[in-house]
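Q: With the sequence up front, the predicted model follows.
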Amino acid sequence: MVELVQEKDIYRSAFARLEAESNPVGGSALITLRTQAMARFAELGFPTLRHEDWRYTNVARIAKTEFRSAVDCGVDLDERAIVAETFPEAQFHRLVFVNGFFARDLSSQHGLPKGVQVASLAETLDDDPSWVERHLARYASYQDHAFTALNTALMEDGAFVYVPKGVIVEQPIHLLYVTMPGVEPIVVHPRNLIIADEASQLTIIESYVGLGEGVYFTNAVTEISVGEGAVVDHYKVQRESTQAYHVGTTQLYQRRSSTASSHIISIGGDIVRNDINAVLDGEGCDCTLNGLYVPAGKQHVDNHLRVEHRKPHGNSREHFKGILDDNARGVFTGRIIVHKDAQKTDAKQTNRNLLLSDSASVDTKPQLEILADDVKCTHGATIGQLDKDAMFYLRARGISADAARSLLVFAFASESIAKIKPQPVRSQVQQILLERLPQGDQLQGLS
Amino acid sequence: MLQIRNLHVNVQGHKILKGLTLTINAGEVHSMMGPNGSGKSTLAQVLAGRDTYEVTEGEVFFEGRNLLELEPDERARAGVFLAFQYPVEIPGVGTAYFLRAAVNALRKHRGEEELDAVDFLEFVKEKMRLVDMDEQLLKRSVNEGFSGGEKKRGEIFQMAVLEPKFAILDETDSGLDIDALKIVADGVNSMRRTDRAFLVITHYQRLLNYIVPDFVHVLVDGRIVKSGGKELAMELEERGYAWADQSIRHAAAAS
C-alpha cells in the first residue's frame, strides 16, 4: 500500500503545479475536469495484473519510475532529425510537438480549406474554452482507465483539428510527437482532439518518434469525433525508442452513416499498450481497425480493442497482425459489444500472429457481448510459425534461407501495409520493416 | 550427372527407401514408376533437400559434388530442379517477384548480372507462351487460388525460366486432363538437351506416351525392382506392378 501511495504522489506533485498556475489554460472548465480526473486516478491507481483488462501487461515498471515533467528538462533540439520525420517530400499539414510541447517553427500548413482549424490544443482552449465543455473528454472516458485519467489530469498540449460541415481536407494532417529523452526519465501526456463535422473528410496521421536513448513515458489520448456521413482515416505509427513506455488511447466516436478507420502500427517501445475504442452511435456506421505490431528483443505490445455497436446496420472490421521475434510478447484483446438495438450489425475480427522464435509469445482473446438477435459476428485468431512447406518451396528455387524467411515475413505484413493509403506513410512502414529483415534490401520492389 | 548409390531413407522412423541405386547421365530422360507408397516422392524430396527425410545410408553425387551435403537452395543454384507434386501456395508473395528473386539468385551464383523488373518480364513472357500460361498469373500470389492444372503448368513454367541441368518431375501428370498433359509434355520436350537430364516420376504410363523416356525404372517398396527401356512402361501398364515385383523375386530365387 505504501508503495502505491508513492506511485501516485509522483503525479500529485505534477498536478499541484498545474493547479497552482496563475493563468491556467482552458479556464475553469478545464480545471474542474483535471481535478475530477486526478481524483479518479487517485481512486483507480495504476492497474495491476489482477485487473481483467491488464492481465497480460505488467505496468509496474511504469508505475514505479519517477518520471519528471518534460517542462523541467532542457532540450537540445536536433531540428534536422525532426524535420526528417515529417515526410518533408509530402505536402502534409503538420503539427510538431517536442517533448509534449508545440513546436511552431517546425509546424506548417498549406492552404487549408476555409474554416478548418489545425492548431495546438492548449492555444485553442486558451482562445475558446468552450471547446472543453463541448468536446474534451466527452469521448474518451477516464472513469475506468487510469492512464486516460492521468492524461486528462495532466495534459499539457496536443493537436486540435476541426473540420466544418461538408469540407474535405485533401492532404493528410500529420501530428508528429518527438521525444528527446534526457538524463532523467520524462513523461509526456499528448492530448489530441479531432472533430470532423457532418459530411466532412480528413486523414490524420499520428507519429510517435523517440530521438536518442533514455527512459521516457508517452501517455497519449486521441479523441476523434466523426460526424454524420463524415469520413475519417486515422493512422498511428509508433516508433518510440527502445527504452520508452507508450500507453495510448485512440477513441473513435461515430455518428450516423459515418466511416472511420484507424491503423495502429507498433514498431518501437519497451512496454506498449494501445487502447483502440470505437463507438458506433448511429445507424449504418462503418468502422475499420487495422493493426500491425512487430516486436522483437524484449518488447511487449498490447493491443486492446473495444468496438461498441449501439445502433443498427453497423459494420466493423478488425484486422490485427503481429510478427514477434526473440523474447517479444504480444497481447490482443478484441471486445465487440452489440447493444440490443444494434440489429443487423456485421462485425468481423481477426488476429493473426507469426512467431519467429520459440521464446516469443502471444495471448489473444476475443470477447463478444451480443445482446441483439439479428447480427453477424465472427472472430478468428491464429498463432503460427513460418510455413515450412513454403520455406522449402522458396529454397528449392534457389532462394537462400535468410531471403526466403524475410520474404515470407514481409509477405505476412504486406497485407496490413497495403491498407495504409497515404503513400509516404506506407513507404515509411515498409522501409522500416525491410531494414529489420536479413537481406531486406533485396525485397525492394516486392509490392 | 547424377549417381545415387545404395540410398536408404527414413521418414519419421519408417524405412521408405531401402537401398536405391541409380545413375542418370546428361541428356537422358529417366522415368521412375511405381505404386503409391513405393517411395517415388520420397526420392524426389530427398534429392531436392527436404530436411524431414533422414538419409541413413548411401550417397548421392551430382556433377561430382556430394549432393546430400548441400542446402536446398544450394542444390537449386547448382542446377537441380524439383517440379512439386503439390506446389505450395504462398499468399502475399507475387509470382513475378518470386520468380525474379529465384532467377537472380541463380544469375548471381553464376556471376551474371541480375535482371531488373523490365528485362525479367521480357524474358518470362516468352517462357509463358511455352506452357500456355496466362500473364495475369504473374500478378497473383505464388500458386494462390491456382487450379490444379495451373499449378502443374506453373511448375513447368518455372522449370523453363530457371533452366536447370537436372529436373525432377514429381507426378506432374496426376490430375491433368489430356490437353494440360500435352502442354506439360511439350514444355518438357522442348527443354530436352544433351546437357540436361530429367527424372520423370509417375504413377501412370500415360505421360510417357508424350515424354518418351530413355529408361524406365520400377520402384517397389523402396527398391528399384526392374529397369528397362520405354517398352517396360507399356508392359507395366498391361501387367501391373505386381508383375514387375514378382518377376524380380523369381529372378532372385532362381540365382
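A: On my side now, so go ahead.
Q: Could I get the full set of helices for chain A?
A: A:2-20, A:27-44, A:60-64, A:79-84, A:121-127, A:130-134, A:146-154, A:388-395, A:401-418, A:423-436 (DSSP state H).
Q: likewise the stretch 51-200 of chain B?
A: B:72-78, B:95-109, B:117-130, B:148-162, B:178-191 (DSSP state H, counting those that start in this stretch).
Q: Helix, strand or coil: sort out B:Asn36 for me.
A: At B:Asn36 the chain is in coil, as set by DSSP: H, G, I helix; E, B strand; the rest coil.
Q: Need the nearest residue in space to it, chain neighbours excluded.
A: B:His203 (6.9 Å; C-beta to C-beta, 6 or more residues apart in numbering or on different chains). In this view, the C-beta of every residue, glycine as well, is placed from N, C-alpha and C.
Q: right, and that neighbour touches B:Met33 too?
A: Yes: counting by C-beta atoms under 8 Å, B:Met33 is a contact partner of B:His203 at 7.2 Å.
Q: Need the overlap of contacts for the two.
A: Here B:His203 and B:Met33 share the contacting residues B:Lys40, scored by C-beta atoms under 8 Å, 6 or more residues apart in numbering or on different chains.
Q: what's the domain layout of chain A?
A: As assigned by automatic domain parsing, chain A contains the domains A:2-281, A:386-447.
Q: Mean neighbour count and distance to chain B added to these, as TSV?
A: Output for the domains of chain A, formatted as TSV (neighbours: other C-beta atoms under 10 Å in any protein chain shown; distance: least, C-beta to the nearest C-beta, whole Å):
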stretch	mean neighbour count	distance to chain B
domain A:2-281	20	17
domain A:386-447	19	3
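Q: Need the ones you listed in CSV (columns: mean pLDDT).
A: Listed next are the domains of chain A as CSV, based on pLDDT from 0 to 100:
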stretch, mean pLDDT
domain A:2-281, 90
domain A:386-447, 89
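Q: Using CSV, lay out those domains together with distance to B:Arg75.
A: Output for the domains of chain A, formatted as CSV (distance: least, C-beta to C-beta, whole Å):
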stretch, distance to B:Arg75
domain A:2-281, 37
domain A:386-447, 8
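Q: quick one on the thing from earlier: just put the helices of the stretch 51-200 of chain B in a markdown table and tack on distance to A:Gly115.
A: Output for the helices of the stretch 51-200 of chain B, formatted as a markdown table (distance: least, C-beta to C-beta, whole Å):
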| stretch | distance to A:Gly115 |
| --- | --- |
| helix B:72-78 | 60 |
| helix B:95-109 | 46 |
| helix B:117-130 | 46 |
| helix B:148-162 | 55 |
| helix B:178-191 | 63 |
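Q: Of these, which shows the lowest average pLDDT?
A: Ranked by mean pLDDT, these bottom out at helix B:117-130, with a mean of 86.
Q: picking up where we left off before, name the residue in B:His203 and B:Met33 with the higher neighbour count.
A: Neighbour count, other C-beta atoms under 10 Å in any protein chain shown: between B:His203 and B:Met33, B:Met33 has more, with 27 against 16.
Q: roughly how far apart are the more buried one and chain A?
A: B:Met33 sits 23 Å away from chain A, going by C-beta to the nearest C-beta, to the nearest Å.
Q: The residue lying closest to A:Tyr162 once chain neighbours are set aside: what's it in contact with?
A: Counting by C-beta to C-beta, 6+ apart, A:Gln117 is the residue found nearest to A:Tyr162 once chain neighbours are left out, at 4.3 Å. Shown in contact with A:Gln117 (C-beta under 8 Å, 6+ apart): A:Thr124, A:Phe160, A:Val161, A:Tyr162.
Q: Wait, A:Gly284 touches A:Gln343, no?
A: No: counting by C-beta under 8 Å, A:Gly284 sits too far from A:Gln343 to count as a contact (11.9 Å).
Q: Can you check which residues contact both of these two?
A: A:Pro312, A:His313.
Q: closest to B:Lys226 out of the domains of chain A?
A: Minimum separation from B:Lys226 across the domains of chain A (C-beta to C-beta) falls at domain A:386-447, 29.5 Å.
Q: The closest one: how far from the chain's middle?
A: 24 Å (C-alpha atoms, centre = their mean, to the nearest Å).
Q: Kindly report the same for stretch A:215-230.
A: With C-alpha atoms, centre = their mean, you get 7 Å for stretch A:215-230.
Q: Repeat that for stretch A:166-185.
A: With C-alpha atoms, centre = their mean, you get 12 Å for stretch A:166-185.
Q: got the CA positions of it in CSV?
A: Output in CSV follows, covering the C-alpha atoms of stretch A:166-185 (Å, rounded to 0.1, in the frame of the first residue of the first chain):
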residue,chain,number,x,y,z
GLY,A,166,-19.1,19.3,-45.8
VAL,A,167,-15.4,20.3,-46.0
ILE,A,168,-12.9,17.9,-47.5
VAL,A,169,-9.3,18.2,-46.3
GLU,A,170,-7.4,16.5,-49.1
GLN,A,171,-3.9,16.4,-47.7
PRO,A,172,-3.3,14.4,-44.6
ILE,A,173,-2.8,16.2,-41.3
HIS,A,174,0.4,14.9,-39.7
LEU,A,175,0.8,15.1,-35.9
LEU,A,176,4.4,14.4,-35.0
TYR,A,177,5.4,13.7,-31.4
VAL,A,178,9.1,13.7,-30.9
THR,A,179,10.6,12.8,-27.6
MET,A,180,14.2,13.5,-26.8
PRO,A,181,14.8,11.9,-23.5
GLY,A,182,17.4,13.3,-21.1
VAL,A,183,19.3,12.0,-18.2
GLU,A,184,16.2,11.7,-16.1
PRO,A,185,13.1,9.8,-17.2
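Q: List, one by one, the residues from chain B near chain A.
A: B:48-51, B:71-73, B:75-77, B:81-82, B:84, B:87-88, B:90-94, B:97-99, B:101-102, B:105-106, B:109, B:117, B:141-142, B:158, B:162 (C-beta under 8 Å from any C-beta of the partner chain).
Q: OK, now which residue of chain B is nearest to chain A?
A: B:Gly92 (3.0 Å; C-beta to the nearest C-beta).
Q: What lies in contact with stretch A:11-19?
A: A:Pro24, A:Ile31, A:Arg34, A:Thr35, A:Met38, A:Phe41, A:Ala42, A:Ser69, A:Leu150, A:Ala153, A:Leu154.
Q: what's near enough to touch the fifth one?
A: Residues near A:Met38 by C-beta under 8 Å, 6+ apart: A:Tyr11, A:Arg12, A:Phe15, A:Ala149, A:Ala153, A:Leu154.
Q: quick one: which two of these are the most distant?
A: Largest separation among these by C-beta to C-beta: A:Arg12 and A:Ala149, giving 12.8 Å.
Q: right, and the pair among the contacts of A:Gln117 with maximum separation?
A: Every pair of the contacts of A:Gln117 checked by C-beta to C-beta; the farthest is A:Thr124 and A:Val161, at 9.6 Å.
Q: beta partners of the residue most central in space within chain B?
A: Centroid check for chain B by C-alpha atoms, centre = their mean gives B:Ile168 as the closest residue, at 1.6 Å. In this structure, B:Ile168 bridges to B:Leu82, B:Leu199 when assessed by DSSP bridges.
Q: what sits against it?
A: By C-beta under 8 Å, 6+ apart, the neighbours of B:Ile168 are B:Ala44, B:Leu47, B:Ala48, B:Val80, B:Phe81, B:Leu82, B:Ala83, B:Phe198, B:Leu199, B:Ile201.
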